[in-house]
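# Okay, predicted coordinates and the sequence, questions at the end:
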Amino acid sequence: MSTRRVFLSGAVATAVGAALAACAEQDLPTPSVTATPSAHPALTADKLTAILERIQTGLNAADAAKSPDSLAGYLTGPAARVRAEEYAVAQATGDDKFVHTFVTTSQAGVAGLTTDFPRTTLVVTEPAAEGEAPYLLVLTQDDARSPYQMWGWTRLSGKSQVPTTSTTVVGSESVAADATGLVATPQEVLDAYIDALNNPTGENGTAFADDTLRQRIAAERAVDLGGMGTATVTAAAGSDGFKGLRTTANGALVMTTLTFSTVYRNTVARSTITVGGTVAKMLGGNASVVGTVTVTYDAMVVFSIPPAAEGGQSTVIGLDLVPSKAERDDSQAPTG
């Protein structure tokens with residue numbers, strides 16, 4: 001595994017205390033000089049390669065056993081949760097296609113400039129196979145004694161234009177939920193996107209470009225239940241926060257999470273509605289919608305947010321999702 005092309009710059013804070021001579025008198029004060037912490041590269045291409053190889057080795061072992069516990073030390077945050085959900089769906093369906101396959105070999109990467117922790121690094125991977133899209137990975141290091149772990153991943157859209165990030169020497173500023181200097185803060189972008197998903201014909205719905213998640217939710221809403229039921233979809237912001245870095249144009253690449261739930265409701269007494277495929281298997285094989293069946297999806301998304309000076313519309317450039325649970329409530333069955 002090798003890193004072909006890496007734009008990296010990290011940060012490490014060093015406070016250097018230089019004790020001056022105290023002469024012979026022990027009761028004399030000892031002055032000291034402390035340097036101001038400054039950001040400088042914390043990752044080289046070789047270090048990043050070693051980090052990615054370690055994560056890949058741990059991920060491969062966990063995948064082979066479909067063991068969420070084995071992800072510890074390699075995946076954290078939403079990445080660990082979503083991978084565990086993928087294992088559960090794969091085991092329920094007997095189909096490993098739900099465990100996303102990607103390699104951690106890097107095409108390019110950039111680390112955040114910071115004098116503190118946690119540290120964030122973004123990596124664009126090589127495609128796992130010819131014709132497949134690369135992934136964008138987010139790595140994080142919580143403190144000086146902790147290893148870098150994968151915090152999240154998304155498959156990049158085939159039409160995505162990934163903004164340029166800084167070079168090794170310069171590095172990139174980390175971006176928080178309330179970061180300014182952008183057309184909107186990351187939190188505002190997520191809130192607007194959730195509104196677009198829930199109200200596709202509203203102001204935000206018409207502002208955001210079409211993407212695979214919007215298409216997926218539209219298809220869920222459009223399912224034909226033969227006049228015997230309804231299908232409603234509701235999206236909500238996740239609670240994992242944001243990880244991102246500035247681009248060279250002072251925009252931002254930011255990863256976060258969201259969920260959406262599809263509720264299939266039987267509205268006609270003594271009618272028969274069934275769900276198929278994955279959902280039926282997640283329900284233990286009982287495919288009947290007696291009252292309601294709710295399917296919840298866990299998604300990781302990456303936004304490209306333009307700088308305020310440039311203007312423009314934020315876009316989703318990467319996405320991955322998994323059905324995290326399916327629940328039935330027969331007590332909601334229609335009467336009559």
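In hand now; what should we look at?

# Give me the packing partners of the host helix or strand of Trp153, helices and strands only.
Using DSSP states H and E, Trp153 sits within strand 149-156. Of the remaining helices and strands, those touching strand 149-156 by 3 or more C-beta pairs under 8 Å, 6 or more residues apart in numbering; DSSP states H and E are helix 45-65, helix 77-93, strand 135-141, strand 252-266, strand 292-305, strand 315-329. Where C-beta positions appear, they are placed from N, C-alpha and C, glycine not excepted.

# Show me what counts as buried in the second one.
Of all the residues in helix 77-93, those buried under the rule 16 or more other C-beta atoms under 10 Å are 77-90, 92-93.

# Work out the gap between it and the centre of the chain.
Chain-centre distance of helix 77-93: 14 Å, with C-alpha atoms, centre = their mean, to the nearest Å.

# same check, this time on the longest one
Relative to its parent chain, helix 45-65 has a centroid offset of 18 Å by C-alpha atoms, centre = their mean.

# circling back: can you lay out the helices and strands packed on strand 149-156 as TSV showing mean pLDDT and distance to Ile194?
Below are the helices and strands packed on strand 149-156 laid out as TSV (pLDDT from 0 to 100; distance: least, C-beta to C-beta, whole Å):
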stretch	mean pLDDT	distance to Ile194
helix 45-65	93	30
helix 77-93	97	16
strand 135-141	93	20
strand 252-266	97	6
strand 292-305	97	10
strand 315-329	96	12
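
# closest to Ala184 out of these?
When these are compared by C-beta to C-beta, strand 292-305 sits nearest Ala184, at 6.9 Å.

# ok, that closest one: who's next to it in the sheet?
strand 252-266 (antiparallel), strand 315-329 (antiparallel) (DSSP bridges).

# tell me the most buried of those?
Of all the strands paired with strand 292-305, strand 252-266 has the most neighbours on average by mean count of other C-beta atoms under 10 Å, namely a mean of 23.

# could you dump it to PDB, C-alpha only?
What follows is strand 252-266, C-alpha atoms only, in PDB (Å, rounded to 0.1, in the frame of the first residue of the first chain):
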ATOM      1  CA  ALA A 252     -14.700  24.000   3.300                       C
ATOM      2  CA  LEU A 253     -15.000  20.300   2.900                       C
ATOM      3  CA  VAL A 254     -17.100  19.000   5.800                       C
ATOM      4  CA  MET A 255     -18.400  15.600   6.800                       C
ATOM      5  CA  THR A 256     -21.400  15.100   9.100                       C
ATOM      6  CA  THR A 257     -24.300  12.600   9.600                       C
ATOM      7  CA  LEU A 258     -28.000  12.500   9.200                       C
ATOM      8  CA  THR A 259     -30.800   9.900   9.500                       C
ATOM      9  CA  PHE A 260     -34.000   9.300   7.600                       C
ATOM     10  CA  SER A 261     -36.900   7.100   8.400                       C
ATOM     11  CA  THR A 262     -39.500   5.600   6.100                       C
ATOM     12  CA  VAL A 263     -42.800   4.700   7.700                       C
ATOM     13  CA  TYR A 264     -45.100   2.200   5.800                       C
ATOM     14  CA  ARG A 265     -48.600   2.500   7.200                       C
ATOM     15  CA  ASN A 266     -51.500   0.200   6.400                       C
END
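
# and the angle for it with strand 135-141?
110 degrees (axes from the mean of the first three to the mean of the last three C-alpha atoms, to 10 degrees).

# Check the offset of strand 252-266 from the chain's centre.
With C-alpha atoms, centre = their mean, you get 12 Å for strand 252-266.

# Enumerate every residue touching Val223.
Shown in contact with Val223 (C-beta atoms under 8 Å, 6 or more residues apart in numbering): 231, 264.

# where's it relative to Pro334, distance?
18 Å (C-beta to C-beta, to the nearest Å).

# Compare the strands paired with strand 292-305 and give me the one nearest Trp153.
Among the strands paired with strand 292-305, strand 315-329 sits nearest to Trp153 (C-beta to C-beta), with 6.2 Å.

# got the angle for that closest one vs helix 77-93?
Orientation check (the same axes, to 10 degrees): strand 315-329 against helix 77-93 gives 50 degrees.

# quick one on the thing from earlier: I'd like the strands paired with strand 292-305 as JSON lines, with distance to Ala309 appended.
Shown next, in JSON lines, are those (distance: least, C-beta to C-beta, whole Å):
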{"stretch": "strand 252-266", "distance to Ala309": "13"}
{"stretch": "strand 315-329", "distance to Ala309": "18"}
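
# So which of the ones you listed is nearest Arg155?
Across the strands paired with strand 292-305, closest to Arg155 is strand 315-329 (C-beta to C-beta), at 5.4 Å.
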